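S.K.: coords please:
(chains A and B)
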Amino acid sequence: MISITQRIGGPVLGGENGTTGVLADHSLLNKYYAFGIRNGFGLAFDPVTNKLWDSENGPGYGDEINLVEPGFNSGWLRVQGWWPVTTSNPLPAARGYFDDNMVTIPANLETFADKGRYRSPEFAWNMSIGVTALEFLRGDTLGRRVSK
Amino acid sequence: MICSYNNDYLYIFELGDDRTKLDLEGDLADKVANDNEELENVVLGQGFGVIADIKEGPDGYLYLLSHIHGNIYRIVPNLSQ
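M.R.: Numbers count the residues shown, from 1 in each chain, chains lettered A, B, ... in the order given. The predicted model follows:
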(Lines give C-alpha, C1' and ligand atoms only; values in the text may rest on other atoms or scores of the structure.)
Protein backbone atom coordinates (compact mmCIF):
# COMPACT_ATOMS: atom_id res chain seq x y z
CA MET A 1 0.00 0.00 0.00
CA ILE A 2 1.44 3.35 -0.91
CA SER A 3 1.54 6.10 1.67
CA ILE A 4 -1.51 8.35 1.84
CA THR A 5 -2.68 11.07 4.19
CA GLN A 6 -5.68 11.00 6.48
CA ARG A 7 -7.12 14.20 7.88
CA ILE A 8 -8.14 12.80 11.25
CA GLY A 9 -5.15 11.90 13.41
CA GLY A 10 -2.74 14.16 11.61
CA PRO A 11 -0.79 13.81 8.41
CA VAL A 12 1.05 10.62 7.64
CA LEU A 13 4.10 12.49 6.46
CA GLY A 14 5.71 14.39 9.33
CA GLY A 15 9.07 15.94 10.21
CA GLU A 16 10.72 18.91 8.55
CA ASN A 17 9.50 19.40 4.99
CA GLY A 18 7.17 16.46 5.42
CA THR A 19 9.93 14.01 4.69
CA THR A 20 9.26 11.53 7.47
CA GLY A 21 7.14 8.68 6.21
CA VAL A 22 5.13 6.01 7.90
CA LEU A 23 7.75 3.31 8.48
CA ALA A 24 11.02 5.25 8.06
CA ASP A 25 12.47 8.54 6.85
CA HIS A 26 13.87 7.12 3.66
CA SER A 27 12.64 5.41 0.52
CA LEU A 28 11.07 2.90 0.13
CA LEU A 29 9.89 2.48 3.71
CA ASN A 30 8.55 6.03 3.86
CA LYS A 31 6.11 5.12 1.12
CA TYR A 32 4.43 2.25 2.92
CA TYR A 33 1.19 2.91 4.71
CA ALA A 34 0.41 -0.63 5.86
CA PHE A 35 1.88 -4.10 5.54
CA GLY A 36 1.35 -7.74 6.46
CA ILE A 37 -1.82 -7.76 4.38
CA ARG A 38 -3.02 -10.98 2.77
CA ASN A 39 -5.24 -10.97 -0.32
CA GLY A 40 -6.85 -7.61 0.31
CA PHE A 41 -10.14 -7.08 -1.49
CA GLY A 42 -12.19 -4.30 0.04
CA LEU A 43 -11.08 -0.76 0.81
CA ALA A 44 -13.23 2.09 2.07
CA PHE A 45 -12.94 5.28 4.08
CA ASP A 46 -15.37 5.95 6.90
CA PRO A 47 -17.01 9.21 5.76
CA VAL A 48 -17.35 10.41 9.37
CA THR A 49 -13.90 9.69 10.81
CA ASN A 50 -11.99 9.54 7.49
CA LYS A 51 -10.37 6.36 8.77
CA LEU A 52 -9.50 3.60 6.34
CA TRP A 53 -10.83 0.03 6.58
CA ASP A 54 -9.91 -3.04 4.56
CA SER A 55 -11.01 -6.62 4.06
CA GLU A 56 -8.68 -9.55 3.53
CA ASN A 57 -9.00 -13.18 2.52
CA GLY A 58 -7.23 -15.76 4.65
CA PRO A 59 -5.73 -19.12 3.62
CA GLY A 60 -8.91 -21.09 4.24
CA TYR A 61 -9.36 -19.43 7.63
CA GLY A 62 -9.10 -15.95 9.07
CA ASP A 63 -10.85 -13.66 6.61
CA GLU A 64 -10.65 -10.21 8.16
CA ILE A 65 -12.14 -6.76 8.45
CA ASN A 66 -9.54 -4.29 9.70
CA LEU A 67 -9.22 -0.70 10.78
CA VAL A 68 -6.11 0.46 8.92
CA GLU A 69 -4.21 3.13 10.83
CA PRO A 70 -0.91 4.54 9.49
CA GLY A 71 1.81 1.92 9.98
CA PHE A 72 -0.76 -0.87 10.33
CA ASN A 73 0.68 -4.38 10.32
CA SER A 74 -2.02 -6.89 9.50
CA GLY A 75 0.14 -9.81 10.66
CA TRP A 76 0.59 -12.06 7.63
CA LEU A 77 2.26 -14.47 7.56
CA ARG A 78 2.52 -14.86 11.30
CA VAL A 79 -1.19 -14.55 12.01
CA GLN A 80 -4.40 -14.42 10.01
CA GLY A 81 -7.66 -13.64 11.70
CA TRP A 82 -7.06 -14.57 15.33
CA TRP A 83 -5.13 -17.66 14.42
CA PRO A 84 -1.43 -18.43 14.00
CA VAL A 85 0.18 -19.41 10.72
CA THR A 86 2.42 -22.32 11.59
CA THR A 87 3.61 -23.89 8.35
CA SER A 88 5.41 -22.63 5.29
CA ASN A 89 2.57 -23.88 3.16
CA PRO A 90 -0.43 -22.76 5.18
CA LEU A 91 -3.19 -23.61 2.72
CA PRO A 92 -5.31 -26.16 4.59
CA ALA A 93 -7.15 -29.06 3.05
CA ALA A 94 -10.46 -27.84 4.47
CA ARG A 95 -11.71 -24.36 5.23
CA GLY A 96 -11.58 -23.35 8.86
CA TYR A 97 -9.07 -23.19 11.71
CA PHE A 98 -9.49 -26.25 13.85
CA ASP A 99 -7.01 -25.84 16.70
CA ASP A 100 -7.64 -23.93 19.89
CA ASN A 101 -4.74 -21.53 19.51
CA MET A 102 -5.71 -17.89 19.28
CA VAL A 103 -3.31 -15.00 18.93
CA THR A 104 -3.88 -11.50 20.22
CA ILE A 105 -0.29 -10.26 20.26
CA PRO A 106 1.79 -12.18 17.70
CA ALA A 107 5.48 -12.71 18.40
CA ASN A 108 8.32 -12.10 15.98
CA LEU A 109 6.63 -9.40 13.95
CA GLU A 110 8.62 -6.85 11.99
CA THR A 111 8.05 -3.42 13.55
CA PHE A 112 10.41 -1.21 11.52
CA ALA A 113 11.90 0.35 14.66
CA ASP A 114 8.52 0.40 16.42
CA LYS A 115 6.82 2.30 13.62
CA GLY A 116 4.79 -0.62 12.39
CA ARG A 117 2.01 -1.65 14.74
CA TYR A 118 0.08 -4.89 14.69
CA ARG A 119 -3.62 -4.52 15.30
CA SER A 120 -6.01 -7.43 15.64
CA PRO A 121 -8.86 -7.59 13.14
CA GLU A 122 -12.10 -5.91 14.07
CA PHE A 123 -13.83 -8.97 12.70
CA ALA A 124 -12.72 -12.40 11.48
CA TRP A 125 -14.26 -15.49 9.98
CA ASN A 126 -12.98 -18.80 11.29
CA MET A 127 -13.99 -20.47 8.03
CA SER A 128 -13.06 -18.41 4.99
CA ILE A 129 -15.98 -17.25 2.93
CA GLY A 130 -14.16 -14.89 0.57
CA VAL A 131 -14.51 -11.30 1.73
CA THR A 132 -14.81 -8.84 -1.12
CA ALA A 133 -15.99 -5.24 -1.18
CA LEU A 134 -16.61 -2.80 1.68
CA GLU A 135 -18.71 0.33 1.66
CA PHE A 136 -19.94 2.81 4.25
CA LEU A 137 -23.43 4.22 3.99
CA ARG A 138 -23.83 7.94 4.60
CA GLY A 139 -27.56 8.38 4.22
CA ASP A 140 -30.60 6.70 5.70
CA THR A 141 -32.37 5.99 2.40
CA LEU A 142 -32.29 2.27 3.13
CA GLY A 143 -33.46 2.68 6.71
CA ARG A 144 -32.16 4.01 9.99
CA ARG A 145 -30.20 0.89 10.93
CA VAL A 146 -28.48 0.87 7.56
CA SER A 147 -27.40 4.48 7.93
CA LYS A 148 -24.90 3.68 10.65
CA MET B 1 -20.78 -0.63 7.08
CA ILE B 2 -21.76 -2.91 4.26
CA CYS B 3 -19.58 -5.74 3.11
CA SER B 4 -20.05 -8.55 0.70
CA TYR B 5 -18.77 -12.04 0.33
CA ASN B 6 -18.52 -14.68 -2.28
CA ASN B 7 -20.55 -17.08 -0.18
CA ASP B 8 -23.41 -15.17 -1.80
CA TYR B 9 -24.27 -13.00 1.17
CA LEU B 10 -24.29 -9.27 1.67
CA TYR B 11 -23.65 -8.32 5.27
CA ILE B 12 -24.19 -5.14 7.23
CA PHE B 13 -22.30 -4.17 10.37
CA GLU B 14 -23.03 -1.22 12.58
CA LEU B 15 -20.16 0.79 14.00
CA GLY B 16 -19.53 1.45 17.68
CA ASP B 17 -19.83 4.94 19.14
CA ASP B 18 -16.27 5.98 18.33
CA ARG B 19 -16.40 4.19 14.96
CA THR B 20 -13.11 2.35 15.54
CA LYS B 21 -14.87 -0.96 16.18
CA LEU B 22 -17.91 -2.80 14.94
CA ASP B 23 -20.97 -2.88 17.19
CA LEU B 24 -21.21 -6.65 17.61
CA GLU B 25 -23.73 -8.55 19.71
CA GLY B 26 -24.39 -12.09 20.88
CA ASP B 27 -22.29 -14.79 19.28
CA LEU B 28 -20.37 -12.18 17.29
CA ALA B 29 -19.26 -10.14 20.32
CA ASP B 30 -15.98 -12.07 20.31
CA LYS B 31 -15.28 -10.61 16.84
CA VAL B 32 -15.34 -14.10 15.35
CA ALA B 33 -17.87 -15.76 13.05
CA ASN B 34 -17.52 -19.45 13.78
CA ASP B 35 -20.22 -20.49 11.31
CA ASN B 36 -22.92 -19.04 9.07
CA GLU B 37 -25.60 -19.34 11.76
CA GLU B 38 -23.83 -16.75 13.89
CA LEU B 39 -24.10 -14.30 10.99
CA GLU B 40 -27.87 -14.49 10.53
CA ASN B 41 -28.54 -11.17 12.24
CA VAL B 42 -26.12 -9.26 10.01
CA VAL B 43 -27.31 -10.54 6.63
CA LEU B 44 -28.66 -7.72 4.49
CA GLY B 45 -29.14 -9.67 1.29
CA GLN B 46 -28.34 -12.82 -0.63
CA GLY B 47 -28.08 -14.05 -4.20
CA PHE B 48 -25.81 -11.49 -5.81
CA GLY B 49 -22.97 -13.91 -6.55
CA VAL B 50 -19.45 -12.64 -6.03
CA ILE B 51 -19.82 -8.94 -5.36
CA ALA B 52 -16.77 -7.28 -6.84
CA ASP B 53 -17.61 -3.75 -5.73
CA ILE B 54 -20.18 -1.81 -3.72
CA LYS B 55 -21.04 1.88 -3.89
CA GLU B 56 -23.62 4.03 -2.23
CA GLY B 57 -25.07 6.16 -5.00
CA PRO B 58 -25.81 9.89 -4.79
CA ASP B 59 -29.47 8.78 -4.62
CA GLY B 60 -28.73 6.91 -1.36
CA TYR B 61 -29.35 3.50 -2.90
CA LEU B 62 -26.80 0.73 -2.83
CA TYR B 63 -25.20 -0.46 -6.05
CA LEU B 64 -23.61 -3.90 -6.25
CA LEU B 65 -21.39 -5.09 -9.07
CA SER B 66 -21.70 -8.85 -9.51
CA HIS B 67 -18.76 -10.68 -10.95
CA ILE B 68 -20.60 -13.96 -11.48
CA HIS B 69 -23.93 -12.72 -12.80
CA GLY B 70 -22.59 -9.87 -14.92
CA ASN B 71 -25.14 -7.52 -13.39
CA ILE B 72 -25.23 -4.28 -11.46
CA TYR B 73 -27.87 -4.51 -8.77
CA ARG B 74 -29.53 -1.50 -7.18
CA ILE B 75 -30.81 -2.07 -3.64
CA VAL B 76 -33.82 0.06 -2.75
CA PRO B 77 -36.05 0.16 0.35
CA ASN B 78 -39.25 -1.88 0.40
CA LEU B 79 -41.82 0.90 0.67
CA SER B 80 -44.73 -1.49 1.08
CA GLN B 81 -43.73 -2.23 4.68
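S.K.: A:Phe112 against A:His26, yeah?
M.R.: No: look at A:Phe112 against A:His26 with Cβ atoms under 8 Å: they stay out of range, at 11.3 Å. From N, CA and C alone the C-beta is placed, and that goes for glycine too.
S.K.: And these two? Which one has more around it.
M.R.: A:Phe112 (15 against 11; other Cβ atoms under 10 Å in any protein chain shown).
S.K.: Ramachandran angles for the more buried one?
M.R.: With angles defined as degrees, to the nearest 10, A:Phe112 sits at phi 50, psi 60.
S.K.: again, but for the one 3 residues further on
M.R.: In this entry, A:Lys115 is assigned phi and psi values of phi -90, psi -20 (degrees, to the nearest 10).
S.K.: Run a quick neighbour tally on the closest residue to chain B within chain A.
M.R.: Nearest residue of chain A to chain B (Cβ to the nearest Cβ) works out as A:Thr141 at 2.8 Å. Close neighbours of A:Thr141, defined as other Cβ under 10 Å, add up to 17.
S.K.: so it sits in a strand?
M.R.: No: A:Thr141 is assigned coil when assessed by DSSP: H, G, I helix; E, B strand; the rest coil, not a strand.
S.K.: if you skip the residues just before and after it, what's nearest to it?
M.R.: For A:Thr141, ignoring the flanking residues on the chain, the nearest one in space by Cβ to Cβ, 6 or more residues apart in numbering or on different chains is B:Gly60 at 2.8 Å.
S.K.: per-residue pLDDT, that neighbour?
M.R.: Listed pLDDT for B:Gly60 reads 92.
S.K.: hey, what's the residue positioned nearest the centre of chain B bridged with?
M.R.: With distances taken as Cα atoms, centre = their mean, the residue of chain B nearest its centroid is B:Tyr11 (2.4 Å). In this structure, B:Tyr11 bridges to B:Cys3, B:Val43 when assessed by DSSP bridges.
S.K.: Pretty sure it sits against B:Val42.
M.R.: Yes: under the criterion of Cβ under 8 Å, B:Tyr11 makes contact with B:Val42 at 4.9 Å.
S.K.: My understanding was that B:Gln46 contacts B:Tyr11; is that so?
M.R.: No: counting by Cβ under 8 Å, no contact exists between B:Gln46 and B:Tyr11, whose distance comes to 10.0 Å.
S.K.: Enumerate the residues of chain B near chain A.
M.R.: B:1-7, B:9, B:12-15, B:19-24, B:28, B:31-35, B:44, B:50-56, B:59-62, B:65, B:75-77 (Cβ under 8 Å from any Cβ of the partner chain).
S.K.: If any of those are buried, put those into a ChimeraX selection.
M.R.: Applying 16 or more other Cβ atoms under 10 Å in any protein chain shown to these leaves a buried subset, and the ChimeraX line that selects it is:
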select /B:1,2,3,4,5,6,7,9,12,13,15,19,22,24,28,31,32,33,44,50,51,53,54,56,60,61,62,65,75
